[in-house]
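build me a structure from this.
(one chain, ligands or ions: 1)
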Amino acid sequence: MQFVEFKNTDELNLQFADRIAKILANAIDAKGKASLVVSGGRTPLPFFKQLSQADIDWSKVSITLADERWVDKSHEASNTALVLNNLLQNKAADATFVELKTKETSAFGAEPSVAENLKALSFPIDALILGMGEDGHTASLFPCSEQIVQGLESNEVCIAVQPTTAPHERMSLTLKSLLNSEQIFVHSVGDSKKVIIDKALAGDDVLEMPIRAILKQDSTPVDIIWAP
Ligand SMILES: O=C(O)[C@H](O)[C@@H](O)[C@H](O)[C@H](O)COP(=O)(O)O
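Residues are numbered from 1 along each chain as shown. Next up is the predicted model:
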């Protein structure tokens, strides 16, 4: 695990976008295709805008989300809309977006059709970018949810989750899928997130803070990307 600190968010967005673009370009050179998994929330917005301008062959890149709120694209909470409107723009408009949200009215029971959609993505994921919540959740692996043990232990690709501390049913990649990545980045900004990172690093209980299952493992390299 590496902690990579930038002096401000502008610097972070520029350099982090450059790093992701290089990973994708190298994967395209090596395999003819690349996969990128991103997260929703507020943190990645300006980074998405920066990355969307990268000069790579986006037509060879498949993008999906680490988790989605089970709402339509027209809903303000839709991570899909966030990614389509901010990342799949400019040069990145040529990328293929693999939707996590399917037609089913509930996320519970929709796992098989989401898993089917995810077959369009090539694993291992070349770059996985995760966010982190104040409660130590990552993707939609919420410590408060009944599904947390399943999310951390299941061999399935994805899992439906009902958080109790956040709105909307979710669909989340399981820990197993998240770790099936060449490189993981935990992208967080601001002093309050740094406190959470420090707390996560100081303990071992993954059920208390699921982000620990990402930070405290040694199968997949993790960089924490942070700016004040
Ligand atoms: O759909 C989501 O909400 C996310 O994927 C979630 O895991 C997010 O990354 C964190 O909650 C951080 O969110 P912020 O960037 O808004 O702090």
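
make it CA atoms for all contacts and neighbour counts henceforth
Will do.

in the chain, which spans are strands?
With DSSP state E as the criterion, the chain has strands at 2-5, 34-38, 61-65, 67-69, 96-97, 127-130, 158-161, 170-173, 184-189, 222-227.

so for Phe47, which of those strands sits nearest?
Among the strands of the chain, strand 184-189 comes nearest to Phe47, with 9.8 Å by CA to CA.

still on that earlier bit, next, format the strands of the chain as a markdown table and append mean pLDDT.
Output for the strands of the chain, formatted as a markdown table (pLDDT from 0 to 100):
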| stretch | mean pLDDT |
| --- | --- |
| strand 2-5 | 98 |
| strand 34-38 | 98 |
| strand 61-65 | 98 |
| strand 67-69 | 98 |
| strand 96-97 | 98 |
| strand 127-130 | 98 |
| strand 158-161 | 98 |
| strand 170-173 | 98 |
| strand 184-189 | 98 |
| strand 222-227 | 98 |
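
can you redo the ones you listed as a markdown table with distance to the ligand?
Shown next, in a markdown table, are the strands of the chain (distance: least, CA to the nearest ligand atom, whole Å):
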| stretch | distance to the ligand |
| --- | --- |
| strand 2-5 | 17 |
| strand 34-38 | 8 |
| strand 61-65 | 8 |
| strand 67-69 | 5 |
| strand 96-97 | 16 |
| strand 127-130 | 6 |
| strand 158-161 | 12 |
| strand 170-173 | 8 |
| strand 184-189 | 7 |
| strand 222-227 | 12 |
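
mind pulling up the pLDDT for the nearest residue to Pro46 once chain neighbours are set aside?
Of all residues not flanking Pro46 in the chain, Asn13 sits nearest, at 7.0 Å (CA to CA, 6 or more residues apart in numbering). Among the per-residue scores, Asn13 shows a pLDDT of 98.

how about the contacts made by Asn13?
Pro46, Phe47, Gln50 (CA atoms under 8 Å, 6 or more residues apart in numbering).

now restrict these to buried residues only.
Burial by neighbour count, 16 or more other CA atoms under 10 Å: within those this picks out Pro46, Phe47, Gln50.

going along the chain, name the helices of this structure.
Applying DSSP state H to the chain gives helices spanning 9-31, 45-51, 79-86, 111-117, 148-153, 175-179, 191-202, 212-215.

re earlier: any idea how far the residue nearest to Pro46 is from Gly131?
Between Asn13 and Gly131 the distance is 14 Å, computed by CA to CA, to the nearest Å.

ok, Gln150 next?
Using CA to CA, one gets 20 Å for the distance from Gln150 to Gly131.

more crowded one of these two?
Higher neighbour count among Gln150 and Gly131: Gly131, with 25 against 16, using other CA atoms under 10 Å.

residue contacts, that one?
The contact partners of Gly131, taken as CA under 8 Å, 6+ apart, are Ser39, Gly40, Gly41, Thr43, Thr138, Ala139, Val186, His187, Ser188.

so which of those residues is the closest to Lys176?
Ala139 (12.3 Å).

what does this structure have sitting close to the ligand?
Within the chain, the positions near the ligand by CA under 6 Å from any ligand atom are 39-43, 67-68, 130-133, 138-140.

these, buried ones only, as a ChimeraX selection?
ChimeraX command restricting these to the buried ones, with burial defined by 16+ other CA under 10 Å:
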select :39,40,43,67,68,130,131,132,133,138,139,140
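
His187: neighbouring residues, count only.
23.

bridged to it, which residues?
Taking DSSP bridges as the rule, His187 bridges to Ile225.
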